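A.B. asks: Just a sequence and a predicted model for now, questions to come.
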Amino acid sequence: MRKKIAAGNWKMNTTFETGKKLVGEILDGLAANPPKQSPNEMLVVLGVPFITLKKAANILKNNPQVKIAAQNCYSEEKGAFTGEISVEMIKSTGAEFVIIGHSERREYFNESFEMLAKKVDLTLKHGLTPIFCCGEKLETREAGQHFDLVKNQIAGSLFHLNDDELSKVVIAYEPVWAIGTGVTASPAQAQEMHAFIRNTIAGKYGKALADEITILYGGSVGAKNAKELFSQSDVDGGLVGGASLKAEDFVTIINSFN
Ligand code: 13P
């Protein structure tokens, strides 16, 4: 059975001190309101800034349900790339996930399909789990091209993988028009795209493998709408921005799975 995931993407928020505090608040919230799913059924992933990775991973070392993600990695193994962070470096902190291809990285840092494919490859090579983001801008949806675009994003950066590799990838559908805007995709819109993504994967890798892939929804997920979004049959959880910075809201989101 595929795993459910409630992931937070803190983006460029929190300092070392406030980040440490937020991890503690989330853990306190989970101790007070423990999820009913086991770690085999559901994971919590905290996408923290690079400077917080090691501290957060240390705090969570013996926690089977809460894991740490980096928000990005570089597309080369090592070497003269001043300021960049490699997958090996991320792994050495104890983080287990890497968010790859967030729309903010595609937009502001011009990350191409090819570059993202390399990041996915390196992440898998080092035994970490990629959370691969896809999603269309408003104008693409209005032009009726959102399915084509998402298919191209997935095919362009993931379809070179073999079955075993692809089975380890988590996908996050994040329509750009819903990110940070307060406008959430309706549960029906999310379900429609998630089913399309799963069918697209089934077309290349077969239905059995497609049914095992965790597909998250991201874009203005909050304490109030998570339950309905997560109840859609192809929505396996969320990648949460703003609401993941408020421990109380994020714990409510984590406890929104049926
Ligand atoms: P918001 O939840 O703030 O809309 O951000 C979503 C997102 O980009 C998560 O990666």
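C.D. replies: Thanks, I have the structure now. Numbering: from 1, shown residues only.

A.B. asks: then stretch 45-58 to PDB, C-alphas only?
C.D. replies: Output of stretch 45-58 as PDB, limited to C-alpha atoms (Å, rounded to 0.1, in the frame of the first residue of the first chain):
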ATOM      1  CA  VAL A  45       8.400  15.300   6.500                       C
ATOM      2  CA  LEU A  46       9.900  18.600   7.400                       C
ATOM      3  CA  GLY A  47      11.500  20.500   4.600                       C
ATOM      4  CA  VAL A  48      13.800  22.800   6.600                       C
ATOM      5  CA  PRO A  49      16.500  25.300   5.400                       C
ATOM      6  CA  PHE A  50      19.900  23.800   4.900                       C
ATOM      7  CA  ILE A  51      21.300  25.300   8.100                       C
ATOM      8  CA  THR A  52      18.700  23.500  10.100                       C
ATOM      9  CA  LEU A  53      19.100  20.000   8.500                       C
ATOM     10  CA  LYS A  54      21.500  18.500  10.900                       C
ATOM     11  CA  LYS A  55      20.000  19.900  14.100                       C
ATOM     12  CA  ALA A  56      16.500  18.800  13.000                       C
ATOM     13  CA  ALA A  57      17.700  15.300  12.000                       C
ATOM     14  CA  ASN A  58      19.500  14.900  15.300                       C
END
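
A.B. asks: Sticking with the closest residue to residue 30 other than its chain neighbours, tell me its helix or strand.
C.D. replies: Of all residues not flanking residue 30 in the chain, residue 251 sits nearest, at 6.0 Å (Cβ to Cβ, 6 or more residues apart in numbering). (Each C-beta comes from the backbone N, C-alpha and C, glycine too.) Remark: residue 251 resides in helix 247-254, with elements defined by DSSP states H and E.

A.B. asks: Find the least confident helix or strand in this structure, judged by mean pLDDT.
C.D. replies: In the chain, no helix or strand scores lower on mean pLDDT, DSSP states H and E than helix 138-142, which sits at a mean of 96.

A.B. asks: quick check: mean pLDDT across stretch 22-29?
C.D. replies: Across stretch 22-29, the average pLDDT comes to 98.

A.B. asks: Show me which parts of that stretch are buried, residue by residue.
C.D. replies: 22-23, 26-27, 29 (16 or more other Cβ atoms under 10 Å).

A.B. asks: How about stretch 116-130?
C.D. replies: Of all the residues in stretch 116-130, those buried under the rule 16+ other Cβ under 10 Å are 116-124, 126, 128-130.

A.B. asks: Next: stretch 71-91.
C.D. replies: Those would be 71-75, 85-87, 89-91, for stretch 71-91 by 16+ other Cβ under 10 Å.

A.B. asks: Looking at those residues, which is nearest the ligand?
C.D. replies: residue 71 (8.4 Å; Cβ to the nearest ligand atom).

A.B. asks: and that closest one, how far is that from residue 257?
C.D. replies: Distance of residue 71 to residue 257, given as Cβ to Cβ, to the nearest Å: 23 Å.

A.B. asks: And the residue nearest to residue 30, how far from residue 4?
C.D. replies: As judged by Cβ to Cβ, residue 251 and residue 4 stand 15 Å apart.

A.B. asks: Repeat that for residue 12.
C.D. replies: Residue 12 is 27 Å from residue 4, where distance means Cβ to Cβ.

A.B. asks: ok, the closest residue to the ligand within the stretch 151-258 of the chain - contacts?
C.D. replies: Nearest residue of the stretch 151-258 of the chain to the ligand (Cβ to the nearest ligand atom) works out as residue 241 at 2.3 Å. By Cβ atoms under 8 Å, 6 or more residues apart in numbering, residue 241 lies in contact with 8-9, 11, 179-180, 218.
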